[in-house]
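# when you get a sec, could you give me coordinates for this:
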Amino acid sequence: MAQVVILGAGVMGTAFSTPLADNGHQVNLVGTHLDSDIIEEIHEARTHPRLRVRVPDQVQPYPYDRLAEAMQGAELVILGVNSLGVDWAAQRLSAVLPPDVPVLFLTKGLAGAEQSLHILPHVLREQLPEALRNRVQLAAIGGPSIAGELATRRHTCVVVSGSDKPLLDKLVGLLRTPYYHVWTNTDLLGVETCVALKNIYALAVGLAIGLLEKEGIAVNGAAMHNTAAAIFAQGLVETAYLVEQMGGRQQSVLTLPGAGDLYVTCQGGRNSRMGRLLGLGVPYSAAKRTHMPDDTIEGAELALAIGPTVADMIGAGKLAAPRLPLLQTMIKIVCADAPVDIPWDAFFVGI
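Residues are numbered from 1 along each chain as shown. Okay, here's the model as predicted:
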């Protein structure tokens, strides 16, 4: 039995406690400063208000100001904050994380700085104290995993990725259950690039929902599956290009972190809801302000986080603009409230 701390009590952080608890581990679930109501409800009723399932008895809820207490005896820290919370998490962990305790990322995203894109595990590492930065082991989960399904023990397949194979093998032993299927993958750059980009390309696929609603179903009942599928395929093509530029492996694009995670993210959720609004013709700023003010739309947050850097990298010749027409379109839609104008004739360059 291991002592595990999950930082972040959102749906995925909490759902991730299910296979851990089923394997007999003791889990301390620590909310962020935004999770106070969630932590209180779990403490009082043993249910998560958004997952609407019972939280296992081995999971003990803690508010963020008791992180140091929750960390006592920890053998693994799991980061379940959203992409905007990595800086906050780094600050909190800097004071309490022992150098021999690995950090496993559920958080997905990319950061842009100085004409370079960076995966979030590396962003966190750079914000830790130097003595800790040089010793802490980082790993990440990638693959199609809807929190509500994991929390109800539906079959789920993922990879755990990092540079230390013995650590990955240990993590598989901690996590694998009859329903949570885990493989190792040493392509951390490729996996993290895939699972970040899936959000913005799922946002793009969601445009088809709004476009269909605006145009209406055809007289013969035809929808827009062709439209959505082509956007999906272009998203994978661009993901493959960016993975290559980041130094990752193409196999990650074709398997669970790439195609698998993009597929499941397109099935619903916040990216799809925002995509529908954009497809209906609502500018992003108005859609966010009016319809989804309290939601973190990871695809849009990614566009905002890397948009200027992508433009700079294209201008400097570090990225080829013709290889990224859909990414550039989504960045304009989110960052500049541009109307939806899918650049069909620019798709599938060189294919």
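
# quick one: residue 74 is in a helix?
No - if the criterion is DSSP: H, G, I helix; E, B strand; the rest coil, then residue 74 is coil and not within a helix.

# tell me the SS of the closest residue to it other than its chain neighbours?
For residue 74, ignoring the flanking residues on the chain, the nearest one in space by C-beta to C-beta, 6 or more residues apart in numbering is residue 5 at 4.7 Å. (Each C-beta comes from the backbone N, C-alpha and C, glycine too.) When classified by three-state DSSP, residue 5 comes out as strand.

# residue 141 too?
Going by three-state DSSP: residue 141 is strand.

# wait, isn't it in contact with residue 159?
Yes - with contacts counted by C-beta atoms under 8 Å, residue 141 reaches residue 159, the gap being 7.4 Å.

# give the buried residues for the least confident helix or strand in the chain by mean pLDDT.
In the chain, no helix or strand scores lower on mean pLDDT, DSSP states H and E than helix 130-133, which sits at a mean of 91. In terms of neighbour count (16 or more other C-beta atoms under 10 Å), helix 130-133 has its buried residues at residue 132.

# so which residues make contact with that helix?
94, 97, 99, 125-126 (C-beta atoms under 8 Å, 6 or more residues apart in numbering).

# doesn't residue 286 fall inside a strand?
No - counting by three-state DSSP, residue 286 is not part of a strand but helix.

# so what are the domain limits for the chain?
3-186, 189-346 (automatic domain parsing).

# and the last one, how far out from the chain's middle?
This means domain 189-346. In terms of C-alpha atoms, centre = their mean, to the nearest Å, the centre of domain 189-346 is set 14 Å apart from its chain centre.

# what's the answer for the longest one, then?
Distance of domain 3-186 from the chain centroid (C-alpha atoms, centre = their mean) equals 12 Å.

# next, the distance between the ends of that domain.
Using C-alpha to C-alpha, to the nearest Å, one end of domain 3-186 lies 25 Å from the other.

# also the last one?
One end of domain 189-346 sits 27 Å from the other (C-alpha to C-alpha).

# which residues are in contact with residue 104?
Contacts of residue 104 (C-beta under 8 Å, 6+ apart): 76-79, 138-141, 160, 171.

# after the helix or strand harbouring it, next one along is what?
Using DSSP states H and E, residue 104 sits in strand 103-105. Next along the chain after strand 103-105, taking DSSP H and E as the criterion, comes strand 110-113.

# now for that next one, which elements pack on it?
strand 116-119, helix 120-127, helix 188-215, helix 298-315 (3 or more C-beta pairs under 8 Å, 6 or more residues apart in numbering; DSSP states H and E).

# can I get it in CSV, CA atoms only?
C-alpha atoms of strand 110-113 as CSV (Å, rounded to 0.1, in the frame of the first residue of the first chain):
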residue,chain,number,x,y,z
LEU,A,110,1.7,23.7,-23.4
ALA,A,111,3.4,27.0,-22.6
GLY,A,112,5.1,29.4,-25.0
ALA,A,113,8.2,31.5,-24.2
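
# contacting residues around the residue nearest to residue 67 when sequence neighbours are not counted?
Setting aside the residues directly before and after it, residue 67 is nearest to residue 30 in space (C-beta to C-beta, 6+ apart), at 5.3 Å. By C-beta under 8 Å, 6+ apart, residue 30 lies in contact with 5-9, 61-64, 66-67, 70.

# among those residues, which pair sits farthest apart?
Using C-beta to C-beta, the two most remote members of these are 8 and 66, lying 14.5 Å apart.

# those two: which has the busier surroundings?
residue 8 (27 against 14; other C-beta atoms under 10 Å).

# wait, isn't that one in contact with residue 81?
Yes - between residue 8 and residue 81 there is a contact under C-beta under 8 Å: 4.0 Å.

# ok so residue 27 is a strand residue?
Yes - according to three-state DSSP, residue 27 belongs to a strand.

# what's opposite it in the beta bridge?
As for beta bridges, residue 27 partners with residue 4, residue 59 under DSSP bridges.

# can you get me a residue count around it?
What residue 27 shows, counting by other C-beta under 10 Å, is a neighbour count of 24.

# also residue 15?
25.

# how far away is it from residue 141?
12 Å (C-beta to C-beta, to the nearest Å).

# about what we covered before: which neighbours do residue 8 and residue 81 have in common?
32, 89, 107.

# return the residue of the protein that is most distant from the centre.
residue 219 (38.5 Å; C-alpha atoms, centre = their mean).

# which element is it on?
With DSSP H and E as the test, residue 219 turns up in no helix or strand.

# check which residues of the host helix or strand of residue 159 are buried.
Assigned by DSSP H and E, residue 159 belongs to strand 156-162. For strand 156-162, a neighbour-count test (16+ other C-beta under 10 Å) marks 156, 158-162 as buried.
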